[in-house]
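S.K.: What follows is a predicted protein model with its sequence.
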Amino acid sequence: MTQLQLPARAPVEQDEQAGAMPALTVLLISLAYFMVTLDALVVVTALPSIHRQFGGSLATLQWTVSAYNTTYAAGILTAAALGDRLGRRRVFLGGLVLFAVASALCALAPNTATLIAFRSVQGLGAAAVMPTGLTLLSSAFPAEKRSAVVGIWGGVAGLGVAAGPLVGGGVTQGLSWHWIFWVNVPVGLLVFLGARLRVRESFGPRAPLDLPGLVSVTLGVGVLVWALVDGPQDGWTSAPVLLAFAAAAALLAAFVRRQAGAAAPMIPLGLFRSGRFAIAALTQLATGASIFSAAFLTSEYFQFGRGDGPLATGLRFLPWTATPLLVAPIAGAVHDRVGARRLVVPGLLMQAAGFVWIIHLAGTHGGYGAFVAPFVIAGVGISITLPCIPATGLNSVPPAWLGKASGVLTMSQLLGATVGVAITTIVFDANGSLLGADAATAGYRPALAVAAGLSVAGALLALGLRRTRQP
């Protein structure tokens, strides 16, 4: 396996960060991730209520999730590049403002089209917050402490994962689905004020902005994700979808060619000469596909297939989604001693096993208690996995590339989420529908089997995460 050729370490990477307040930095960056993660999942238990108010098919519901992930994925590399040049804290703060404003606009949305449009704007804000926040956090700590810190970050974010379906269900049932978006506004304001006052600025290499590269990668990823989401609805051989795939391929090929010859590339292709980083990115993609597709499908199943209300659905999710809060920090600390492979492989296999058990239960009339054990197994498994993949990926690159590496890893997860939801929606539609409990169950079981398979695929990829010396 070819070893990564390290560029000269840039002293500017830690110049202003050296005097930062580490504990407060962890707290504020984790709260920002909490907000972004909460919004990714807070909508899943509200989707049936949105469906009842606005109508539409499962594909329409899919767009309320995928519109967010599309712009999130498309904007990450641009945000990471802008953060390196303009200042990561500055881009982070701008993303917080955009995210909070878009959340308020989502809350006021009068129809599906408007909601989807503002969800797209939310995704742009998340794209600015996520990679710059992770890089601010990573650059504040040496490599030997980074895994533990990322574990804490993942644990606090796990609260967002746990709270998302529960908050979405409780607020939707007690008030209305519009209110699920208002919760982001006070959290965003709190983090903005704290980060503005207490988090120190951090820069990457002061390279010129590659505007053609920014345009080609943003449009390329955006068009690709659109094609993946729209393919099941319009047909994979329809002219718009085929044209979108061709355009995405041309744009991304042009981006790669430009990066190969650029003096200051947005994505140094040398990143992928590190086998460990490349495998971490692919594992992140498979993990995102498995988690998001399972969450999307399971919310629809509980409400359409079993007749649960939004709050009851959120409570059913809790044994699965609450575990990262407890397990992820421990996994992050253990990661440095045992390596990612020994944690990620069994973790993803545990999640797959939990999903297979749930598939069996979906054919029975078991109550709440019957689902607790498989959800706990799946939750512990993914909790072990979540902090280890980004930690091993970031530890595979030198400090000067942290911003770009975190952007690639985050984009991989979001692309995986979109691909996973798209694939499982195809399977669901081929076997069932939302037009009754039996039809919803018939579509859910084979679709969740695909999500379990994606988790197994991630475990197989993670077998290549061998321990190497940190740069």
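M.R.: Yep, that arrived. Bear in mind that the values here come from a model prediction, so they are computed numbers and not experimental data.
S.K.: Contact partners for Pro346?
M.R.: Residues near Pro346 by CB atoms under 8 Å, 6 or more residues apart in numbering: Gly381, Ile384, Ala459. C-betas here are computed from N, CA, C, even on glycine.
S.K.: and the second one, what does it touch?
M.R.: Counting by CB under 8 Å, 6+ apart, Ile384 touches Val327, Ala328, Ala331, Leu343, Val344, Pro346, Gly347, Met350.
S.K.: Which of the helices or strands spans Arg342?
M.R.: Secondary structure from DSSP states H and E places Arg342 in helix 341-362.
S.K.: One more: Pro110?
M.R.: For Pro110, there is no host helix or strand (DSSP H and E).
S.K.: One more: the one 10 residues further on?
M.R.: Using DSSP H and E, Ser120 maps to helix 112-139.
S.K.: Remind me what that helix packs against, helices and strands.
M.R.: helix 22-42, helix 47-54, helix 58-86, helix 88-107, helix 143-174, helix 388-394, helix 402-431 (3 or more CB pairs under 8 Å, 6 or more residues apart in numbering; DSSP states H and E).
S.K.: Now stretch 38-55: buried residues?
M.R.: Neighbour-count burial for stretch 38-55, counted by 16 or more other CB atoms under 10 Å, picks out 38-51, 54.
S.K.: Show me how far the helix holding Ser120 is from its chain's centre.
M.R.: Taking the mean of its C-alpha atoms, helix 112-139 sits 10 Å from the chain's own mean (CA atoms, centre = their mean, to the nearest Å).
S.K.: Next, the angle from that helix to helix 88-107.
M.R.: Relative orientation of helix 112-139 versus helix 88-107 (axes from the mean of the first three to the mean of the last three CA atoms, to 10 degrees): 160 degrees.
S.K.: Could you pull up the mean pLDDT of helix 112-139?
M.R.: Mean pLDDT, computed over helix 112-139, is 84.
S.K.: likewise stretch 456-471?
M.R.: What stretch 456-471 shows for mean pLDDT is 75.
S.K.: ok, now stretch 168-175?
M.R.: Averaging pLDDT along stretch 168-175 yields 72.
S.K.: How about residues contacting it?
M.R.: Residues from elsewhere that reach stretch 168-175 (CB under 8 Å, 6+ apart): 41-46, 49, 177, 179-180, 183, 309-315.
S.K.: So which of these are in helices?
M.R.: Among these, the ones falling in helices (DSSP state H) are Leu41, Val42, Ser49, Pro310, Leu311, Ala312, Thr313, Gly314, Leu315.
S.K.: any idea which of the residues you listed is closest to Leu252?
M.R.: Relative to Leu252, the closest of the ones in helices among the contacts of stretch 168-175 is Leu41; by CB to CB it sits at 28.6 Å.
S.K.: Next up, the contacts around Phe375.
M.R.: Residues in contact with Phe375 (CB under 8 Å, 6+ apart) are Arg316, Phe317, Leu318, Pro319, Trp320, Gly354, Ile358.
S.K.: Now do the fifth one: how many residues are near it, please.
M.R.: Other residues near Trp320 come to 31 when the count uses other CB atoms under 10 Å.
S.K.: Compute the distance between it and Ala328, please.
M.R.: Distance from Trp320 to Ala328, counting by CB to CB, to the nearest Å: 13 Å.
S.K.: picking up where we left off before, just the buried residues of the helix holding Arg342, please?
M.R.: 341-359, 362.
S.K.: just to revisit the earlier point, which among the contacts of Pro346 gets closest to Pro212?
M.R.: Taking CB to CB as the measure, Ala459 is the one of those closest to Pro212, at 38.5 Å.
S.K.: Go ahead and confirm that closest one touches Leu349.
M.R.: Yes - with contacts counted by CB atoms under 8 Å, Ala459 reaches Leu349, the gap being 5.0 Å.
S.K.: what sits in contact with each of the two?
M.R.: Contacts common to Ala459 and Leu349, judged by CB under 8 Å, 6+ apart, are absent.
S.K.: what residue ranges in the stretch 151-300 of the chain are flagged as low confidence?
M.R.: Low-confidence segments of the stretch 151-300 of the chain, defined by pLDDT under 70: 151-166, 174, 205-209, 232, 263-264, 274.
S.K.: now the helices for it?
M.R.: All helices of the stretch 151-300 of the chain, identified by DSSP state H, counting those that start in this stretch, fall at 184-198, 211-234, 239-261, 275-300.
S.K.: now those helices in TSV, with distance to Ala439 and mean neighbour count?
M.R.: Shown next, in TSV, are the helices of the stretch 151-300 of the chain (distance: least, CB to CB, whole Å; neighbours: other CB atoms under 10 Å):
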stretch	distance to Ala439	mean neighbour count
helix 184-198	34	17
helix 211-234	17	20
helix 239-261	26	15
helix 275-300	11	26
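S.K.: and of these, who's closest to Pro398?
M.R.: helix 275-300 (11.1 Å).
S.K.: Check which helices and strands the closest one sits against.
M.R.: Secondary-structure packing of helix 275-300 (3+ CB pairs under 8 Å, 6+ apart): helix 47-54, helix 58-86, helix 310-321, helix 341-362, helix 368-385, helix 388-394, helix 402-431, helix 437-462.
S.K.: deepest of those helices, which one?
M.R.: helix 388-394 (a mean of 29; mean count of other CB atoms under 10 Å).
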